[in-house]
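sequence and predicted structure, then a few things I'm wondering about:
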Amino acid sequence: MNNQSTKDKDAISTNGMAATSHPLATEEAIRILKKGGNAVDASIAASIVLSVVEPNATSIGGDCFAIVKMEGKESVSYNGSGIAPGKLDYDFFKKNNFDKVGLTSPHSVTIPGALDAWKNIHNDLGKLDFEELFLKAIDCARNGFKVTKVVADAWKKNENKLLEDENSKKVFLKNTKSYNLLDIRKNIPLADTLELISKKGISEFYHGTVGNDIVSSLNKLGGLHTMDDFAKQTTIKSSTISSNYNDNKIHQCPPNGPGITVLIMMKLLEKLKIQNYNHNSIERFHLEAEVTKQAFKIKEENIGDPNFINVNLDKILSDEYIENVYKNISIDNCSEVGDLNIPNHPETVYLSIVDKDLNSVSMINSVCYAFGSGITSEKTGIILHNRGTNFRVENGHPNCIEGLKRPLHTIIPGLVEDNKGNAILNYGVMGGQYQPVGQVHVLNSILDFNMSPQQAISSPRAFHFNNIYKLEKEISKEIKDGLSKIGHNTQYIEETHGGGQAIKIDRKNGNLIGGSDPRKDGYAEGY
C-alpha cells in the first residue's frame, strides 16, 4: 500500500512511513527504508537533506533533539544541543554593555550539535553505512533542487539579513536577491563539505578543517569560539521524561529542552477535563491559553541546563505542585502571570519515521531564527544557527549565559506509548516557542477528540504568547469575540503557527497513519 497525505487526507500504509516538511526529505526517507535501512537511518538521511533544501530552518550548523523508540525497547532521548564558547559568560556581556545576545551576533552561535547527535544515534542503532545517508543531500547541493513555496517565502523575508554577511550574500543570494519558487538552487561548497564529512567522519567538523573554518570565520567577526569548544561538544543520551495521560504515557526529552512544558500542560488539561468541551469551542481555546501561561511561567523560572542548575522535575510534575497550579485556572476568566518577556523564533524542521518493524524516530532540527545568525562560514557553505539568543543576560537567572552551558531550548520531539509500553504516536510541531502548545493541541485533538493525525495537524491554531493571544484566521470570529469577553487580548495573524508531522501506529489493524502540515511544503508517505 502506498499513500501520500494531503491537507484533508491521512497517508496510510503497512510497511513503513515518513512524514517530513519537504518532499525531497520524505522521498529520501522512503528510499532508505526500502533499501533496508531502519527508522534511524531514514530520519538522519532526511535530516541531512533538509539541511540543504530548507536552509531557512535547519543546517548542519544547527542543533538536534530526538526520541528513539526501538520496538520492544525503552524510549531514549538524544540531546544534540550545543554548548556556549568557554570564554563567553555574563561578565563579558556586562563589561561590553550588552543586555542580550544579538540575533546576528557571532556570540549567538553556540557549538552546533546536530552532526554529533546524528552520528551518536547512528552508532547506537543505525543499519546502513553512515556515508550512504549523505548521498541524496550531496546530490541536491551539488546538482541543484527546486525551491519550494514556504522556503521561497522565508528567503524573500530574510534578504536583508543575508546581505549583512559577506559569505551569506555570496552563498545564499543570487545577485543580492533571494531564491524564488521553482528556482534551481545549488550550494557547491556545502556539497563538498557534506562529502568530506561523509567520507572522513564528523571529526572533520569538530576537530578538523570544517571546524577550523567555522572558528576562523566567527573569530573575524569578534566571536570567542575555539577548536577546544568544538572538541568539547557532546550528545547527551538519557532516559526520556514522561507522565501519564489517561491510559497513555507521553514522552519528552529532559532539560535543557522544554519538553516538561508539554507534560505540565497535559496534566492540567486532564484535571480540567478538556474532553468535555467541543474541539472548536471558546472553552477549549481559553483553557489552552490558561495552561500555556502557567506552564511557560514555570519553565522560565525553573528550567535551564541541569549541568549548571538544580532542576527538580519530580517536584514540578508532582500531583501536589500541579494541583496548586490548577487552582489558578478558571473557565470564566483569565489568570495573570506577569510579563514573561520570552524571545520567539519560528524556524525548525520536524520529522517522524516508523519502519516495518515499528521502530519509531521522532526528530527535530533547527537553526533557531530564520537562516539562524545569518552568518555563513567562509569556505564550507554552512549557515550557522543563533541558538545562543535563548540565553538571558540576567545574573542569577537559571538560563543566564555561561561558558560551556547549553541554553534553554525550544525544539521538542514527542512520542506517546500505550499502557503496555508500545509506541502508538510519533509526533512533533515546529514553530519556536509555539512548539509545546502545538504539541498539546495535536495531542488533545487525537487523544481526546478522536481526530486522525492529518485532521489534528490541519486544524486551526492559537498561541498565547507574551500576553497576546494570536489566532490563525481560520478560527471563527465567534470564538475570537468570546475569548475577548473572558479577558484575552486577541488578534488575528497573517502568518500561521508552526508546522507539524505525526504518525499513528494502529497496532490492532496493522496500519501506519500519517499526517503532515499544510503550513509547510512536505507530506507523509508510506509504502
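Structure received.

mind listing the helices for the stretch 401-527 of the chain?
Here the stretch 401-527 of the chain has its helices, by DSSP state H, counting those that start in this stretch, at 435-447, 453-458, 477-486.

possible to save those helices as a markdown table with mean pLDDT and distance to residue 316?
C-beta here means a position set from N, CA and C on the backbone, and glycine is covered the same way. Listed next are these as a markdown table, based on pLDDT from 0 to 100; distance: least, CB to CB, whole Å:
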| stretch | mean pLDDT | distance to residue 316 |
| --- | --- | --- |
| helix 435-447 | 96 | 14 |
| helix 453-458 | 97 | 27 |
| helix 477-486 | 97 | 27 |
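
show me where pLDDT drops low in this protein?
Within the chain, the set of residues satisfying pLDDT under 70 comprises 1-2, 340-347.

in it, where's the longest helix?
Of all segments of type helix in the chain, defined using DSSP state H, the longest is helix 282-302.

just checking, next helix/strand downstream of it?
Sequence order places helix 313-316 as the next helix or strand after helix 282-302, per DSSP states H and E.

what's the first helix or strand after that next one?
helix 319-326.

and after that following helix, which helix or strand comes next?
Past helix 319-326, further along toward the C-terminus, the next helix or strand under DSSP H and E is strand 347-354.

which of the residues in the longest helix of the chain are buried?
Within helix 282-302, the residues that count as buried by 16 or more other CB atoms under 10 Å are 282-300, 302.

circling back: of all the helices of the stretch 401-527 of the chain, which one is nearest residue 271?
Evaluated with CB to CB, these place helix 435-447 nearest to residue 271, the distance being 13.4 Å.

ranges for the strands of the stretch 401-527 of the chain?
In the stretch 401-527 of the chain, the segments counted as strands under DSSP state E, counting those that start in this stretch are 414-417, 423-429, 462-465, 468-471, 490-492, 500-506, 511-516, 524-526.

export the ones you listed to CSV and tack on mean neighbour count and distance to residue 191?
Formatted as CSV, these follow (neighbours: other CB atoms under 10 Å; distance: least, CB to CB, whole Å):
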stretch, mean neighbour count, distance to residue 191
strand 414-417, 26, 33
strand 423-429, 27, 28
strand 462-465, 24, 37
strand 468-471, 20, 39
strand 490-492, 15, 42
strand 500-506, 27, 27
strand 511-516, 28, 27
strand 524-526, 27, 26
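
Serialize those strands to TSV and add fields for distance to residue 164.
Rendered in TSV, the data for those read as follows (distance: least, CB to CB, whole Å):
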stretch	distance to residue 164
strand 414-417	35
strand 423-429	30
strand 462-465	27
strand 468-471	28
strand 490-492	30
strand 500-506	31
strand 511-516	33
strand 524-526	37
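
quick one: closest of those strands to residue 13.
When the strands of the stretch 401-527 of the chain are compared for distance to residue 13 using CB to CB, the nearest one is strand 524-526, at 2.3 Å.

against which helices or strands is that closest one packed?
In this structure, strand 524-526 packs against strand 11-13, strand 17-19, helix 23-35, strand 511-516, with contacts taken as 3 or more CB pairs under 8 Å, 6 or more residues apart in numbering; DSSP states H and E.

what's the most buried one of the ones you listed?
Scoring those by mean neighbour count under mean count of other CB atoms under 10 Å gives strand 17-19 as the most buried, with a mean of 35.

and that one, what other elements does it pack with?
Packed next to strand 17-19, using 3+ CB pairs under 8 Å, 6+ apart, are helix 23-35, strand 347-354, strand 500-506, strand 511-516, strand 524-526.

run the chain-centre distance for it.
17 Å (CA atoms, centre = their mean, to the nearest Å).

same question for stretch 413-423.
Between the mean C-alpha position of stretch 413-423 and that of its chain there is a distance of 19 Å (CA atoms, centre = their mean).

try stretch 172-190
For stretch 172-190, the gap between its own C-alpha mean and the chain's C-alpha mean amounts to 24 Å (CA atoms, centre = their mean).

buried stuff in it?
172-173, 178-179, 185, 187, 189-190.

contact partners of that stretch?
When contacts are taken as CB atoms under 8 Å, 6 or more residues apart in numbering, the neighbours of stretch 172-190 outside the stretch itself are 52-53, 55, 141-149, 151-152, 155-156, 158-159, 162-163, 169, 171, 371, 376, 379-383.

of these, keep whichever come out buried.
Neighbour-count burial within the contacts of stretch 172-190 applies to 52-53, 55, 141-142, 145-148, 151-152, 155, 158, 162, 169, 171, 371, 376, 379-383; the criterion is 16+ other CB under 10 Å.

so which of those residues sit within strands?
When these are checked against strands using DSSP state E, the ones located there are 145-146, 376, 383.

determine which two of those are furthest apart.
Distances among those were taken as CB to CB; the most separated pair is 146 and 376, at 21.8 Å.

let's have the ones in strands among the buried ones among the contacts of stretch 172-190 in JSON lines, adding distance to residue 107.
Shown next, in JSON lines, are those (distance: CB to CB, whole Å):
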{"residue": "145", "distance to residue 107": "32"}
{"residue": "146", "distance to residue 107": "36"}
{"residue": "376", "distance to residue 107": "17"}
{"residue": "383", "distance to residue 107": "17"}
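
residue 476: which of these is nearest?
Minimum separation from residue 476 among those (CB to CB) is found for residue 146, which lies at 36.5 Å.

grab the nearest non-local neighbour of that closest one.
Counting by CB to CB, 6 or more residues apart in numbering, the nearest residue to residue 146 once its immediate chain neighbours are dropped is residue 182, at 5.2 Å.

same thing with residue 159?
Using CB to CB, 6+ apart and skipping residues adjacent in sequence, the residue nearest residue 159 is residue 178, 4.9 Å away.

please apply the same query to residue 114.
What sits nearest to residue 114 in space, not counting adjacent residues and going by CB to CB, 6+ apart, is residue 64, at 4.0 Å.

measure the one you found to residue 390 for me?
The span separating residue 64 from residue 390 equals 15 Å under the rule CB to CB, to the nearest Å.

between the two, who's got more neighbours?
Counted by other CB atoms under 10 Å, residue 64 and residue 390 do not tie: residue 64 has more neighbours, with 31 against 25.

tell me how many other residues surround residue 7.
Residues near residue 7, counting by other CB under 10 Å, number 14.

surely it meets residue 459?
No - the pair formed by residue 7 and residue 459 falls short of the contact definition of CB atoms under 8 Å, at 10.9 Å.

which residues does residue 317 contact?
Taking CB under 8 Å, 6+ apart as the definition, contacts of residue 317 comprise 241, 243, 260, 263-264, 267.

coming back round to it: can you put the buried residues of stretch 172-190 in JSON lines and add secondary structure and distance to residue 451?
Conversion of those to JSON lines gives the following (DSSP: H, G, I helix; E, B strand; the rest coil; distance: CB to CB, whole Å):
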{"residue": "172", "secondary structure": "helix", "distance to residue 451": "38"}
{"residue": "173", "secondary structure": "coil", "distance to residue 451": "41"}
{"residue": "178", "secondary structure": "coil", "distance to residue 451": "36"}
{"residue": "179", "secondary structure": "coil", "distance to residue 451": "36"}
{"residue": "185", "secondary structure": "strand", "distance to residue 451": "36"}
{"residue": "187", "secondary structure": "coil", "distance to residue 451": "39"}
{"residue": "189", "secondary structure": "helix", "distance to residue 451": "44"}
{"residue": "190", "secondary structure": "helix", "distance to residue 451": "39"}
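
name the SS class of the residue nearest to residue 114, please.
Using DSSP: H, G, I helix; E, B strand; the rest coil as the criterion, the local structure at residue 64 reads strand.

ok, residue 41 next?
Reducing the assignment to helix, strand or coil with three-state DSSP, the entry for residue 41 is helix.

measure it to residue 114 for me?
Distance of residue 41 to residue 114, computed by CB to CB: 16 Å.

quick one, which of these two is more surrounded?
When residue 41 is set against residue 114 and neighbours are counted by other CB under 10 Å, the residue ahead is residue 114, at 30 against 27.

residue 399 versus the more buried one, what's the distance?
Relative to residue 399, and taking CB to CB, residue 114 is found at 21 Å.

returning to that earlier point: can you redo the helices of the stretch 401-527 of the chain as TSV with distance to residue 492 and mean neighbour count?
Below are the helices of the stretch 401-527 of the chain laid out as TSV (distance: least, CB to CB, whole Å; neighbours: other CB atoms under 10 Å):
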stretch	distance to residue 492	mean neighbour count
helix 435-447	17	25
helix 453-458	18	26
helix 477-486	7	15
